[in-house]
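>>> A structural model of the following input is requested.
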Amino acid sequence: MKTKRKISVTVSAALCIIISLCMYLIVPRYFSDNTKDKSKNDNELISHYIDVGQGDSEFIEFPDGKTMLIDAGTDKYGETVADYIKKLGYSKIDYLVGTHPHADHIGGMADVIEEFDIGSIYMPKASTNTKTFENLLLAVQEKGMTINTAKTGINILSSKENDYSADILSPSGSEYDDLNNYSVVIKITYGDSKFLYMGDAEKEIENELIDSGADVKADVIKVGHHGSNTSSSSDFVKAVGADYAVFSVGKDNDYGHPHSQTVKRWKNIGAEIYRTDEQGTIIISSNGSDITANAA
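Residues are numbered from 1 along each chain as shown. Now for the predicted structure:
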């Protein structure tokens with residue numbers, strides 16, 4: 001009987017090893033802090049401009065598997081954003097950025113924070129007394145996290161090996177009358193390709209960036225403030241010189257976004273125009289030199 005029991009235990013142990021090995025080979029997400037293979041995204045940086053109606057949300061996949069989410073639309077789009085990221089195969093967002101405390105940018109973030117493992121959170125030193133902002137702060141608190149203050153000069157992440165960096169160009173720390181101007185402006189560089197994310201920054205910030213000598217040159221821009229006529233001044237558009245201009249706007253929105261003159265300015269410099277109200281989610285990728293843009 002002792003011999004049979006020993007053989008039975010040995011067989012069981014062997015089966016456990018085989019099953020574990022199969023799971024490792026077939027379902028690697030159980031052995032990683034993220035569900036997606038983190039080795040490489042085919043050496044590409046991929047920027048997803050998620051259609052969240054009249055709001056903003058951009059999800060960036062870096063070539064080494066790191067991820068960043070900038071904004072998450074209004075509260076009704078929280079699950080939409082979360083589902084979109086899950087379908088890409090991720091369970092973790094390494095860097096979460098709330099550009100400024102307006103509902104159409106941070107409304108869905110509470111859901112995102114609850115659904116994902118979050119690495120670091122960045123937001124400007126600006127606040128409101130809205131329920132939306134309160135829900136976001138509560139979600140952060142319940143997760144046991146703290147918010148890093150986003151300001152000019154901060155490098156959020158970089159990799160010499162993979163030749164990329166993500167840097168904050170604004171806010172500078174000045175005080176503004178409009179919350180839009182506290183927007184976190186982020187520039188991501190991958191090889192020779194440059195992506196600019198403007199949040200709702202308006203002409204006041206555009207002028208600040210130009211006057212400060214900041215390098216705003218970019219191949220791709222997420223146009224500020226949904227293409228409102230309060231952003232995209234002629235001088236700024238020329239300084240950026242983008243080949244691709246993405247407008248995150250809601251179909252038939254009440255604000256008249258994007259403004260026809262704003263669209264015209266970007267077209268006049270030769271930029272290809274992409275709009276979430278007309279094309280849905282936009283995906284723009286770069287291998288470090290060549291850029292490809294498509295509707296999802």
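>>> part of a helix, is Ala82?
Yes - counting by DSSP: H, G, I helix; E, B strand; the rest coil, Ala82 is located in a helix.
>>> and for it, the neighbour number?
Here the number of neighbours of Ala82 (other C-beta atoms under 10 Å) works out to 20. The C-beta positions use only the backbone N, C-alpha and C, and glycine is treated the same way.
>>> OK, contacts around it?
Gly108, Asp111, Val112, Glu115, Phe116 (C-beta atoms under 8 Å, 6 or more residues apart in numbering).
>>> do that again at 6 Å, thanks
Going by C-beta atoms under 6 Å, 6 or more residues apart in numbering, Ala82 touches Asp111, Val112, Glu115.
>>> name the member of those residues with the most neighbours.
Val112 (25 neighbours).
>>> any idea how far Val52 is from Lys66?
Using C-beta to C-beta, to the nearest Å, Val52 is found at 22 Å from Lys66.
>>> more neighbours, the two?
Val52 (27 against 21).
>>> now the more buried one: closest residue in space, sequence neighbours ignored.
Gly73 (2.9 Å; C-beta to C-beta, 6 or more residues apart in numbering).
>>> residues near that neighbour, how many?
The local packing of Gly73 (other C-beta under 10 Å) involves 27 other residues.
>>> which SS class is it?
Gly73 is classified as coil under three-state DSSP.
>>> so what does it look like in phi/psi?
In this entry, Gly73 is assigned phi and psi values of phi 70, psi -170 (degrees, to the nearest 10).
>>> which positions within stretch 139-157 qualify as buried?
Within stretch 139-157, the residues scored as buried using 16 or more other C-beta atoms under 10 Å are Ala139, Val140, Ile147, Ala150, Lys151, Thr152, Ile156, Leu157.
>>> any chance of JSON lines for these, columns distance to Asp94, pLDDT and secondary structure?
As requested, the buried residues of stretch 139-157 are exported to JSON lines (distance: C-beta to C-beta, whole Å; pLDDT from 0 to 100; DSSP: H, G, I helix; E, B strand; the rest coil):
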{"residue": "Ala139", "distance to Asp94": "17", "pLDDT": "98", "secondary structure": "helix"}
{"residue": "Val140", "distance to Asp94": "16", "pLDDT": "98", "secondary structure": "helix"}
{"residue": "Ile147", "distance to Asp94": "15", "pLDDT": "98", "secondary structure": "strand"}
{"residue": "Ala150", "distance to Asp94": "15", "pLDDT": "98", "secondary structure": "coil"}
{"residue": "Lys151", "distance to Asp94": "20", "pLDDT": "97", "secondary structure": "coil"}
{"residue": "Thr152", "distance to Asp94": "22", "pLDDT": "98", "secondary structure": "coil"}
{"residue": "Ile156", "distance to Asp94": "9", "pLDDT": "98", "secondary structure": "strand"}
{"residue": "Leu157", "distance to Asp94": "7", "pLDDT": "98", "secondary structure": "strand"}
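>>> now these as CSV including distance to Thr292?
Putting the buried residues of stretch 139-157 into CSV (distance: C-beta to C-beta, whole Å) gives the following:
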residue, distance to Thr292
Ala139, 35
Val140, 35
Ile147, 34
Ala150, 29
Lys151, 33
Thr152, 31
Ile156, 24
Leu157, 23
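>>> determine which two of the residues you listed are furthest apart.
The two members of these with the most space between them (C-beta to C-beta) are Ala139 and Thr152, at 26.7 Å.
>>> TSV for the contacts of Ala82, including pLDDT, distance to Val240 and secondary structure?
Putting those into TSV (pLDDT from 0 to 100; distance: C-beta to C-beta, whole Å; DSSP: H, G, I helix; E, B strand; the rest coil) gives the following:
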residue	pLDDT	distance to Val240	secondary structure
Asp111	98	32	helix
Val112	98	28	helix
Glu115	97	34	helix
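>>> of the residues you listed, closest to Glu204?
Minimum distance to Glu204 across these is 29.2 Å, recorded for Val112 (C-beta to C-beta).
>>> against Asn135, how distant is that closest one?
12 Å.
>>> and if you look at Tyr255?
Tyr255 sits 24 Å away from Asn135, going by C-beta to C-beta.
>>> between those two, which one's more packed in?
When Tyr255 and Asn135 are compared for neighbours, Asn135 comes out ahead with 18 against 13, by other C-beta under 10 Å.
>>> name the residues that touch the helix or strand encompassing that one?
Using DSSP states H and E, Asn135 falls within helix 131-142. For helix 131-142, the external contacting residues (C-beta under 6 Å, 6+ apart) are Pro101, Ala103, Ile106, Gly107, Met109, Ala110, Ile113, Glu114.
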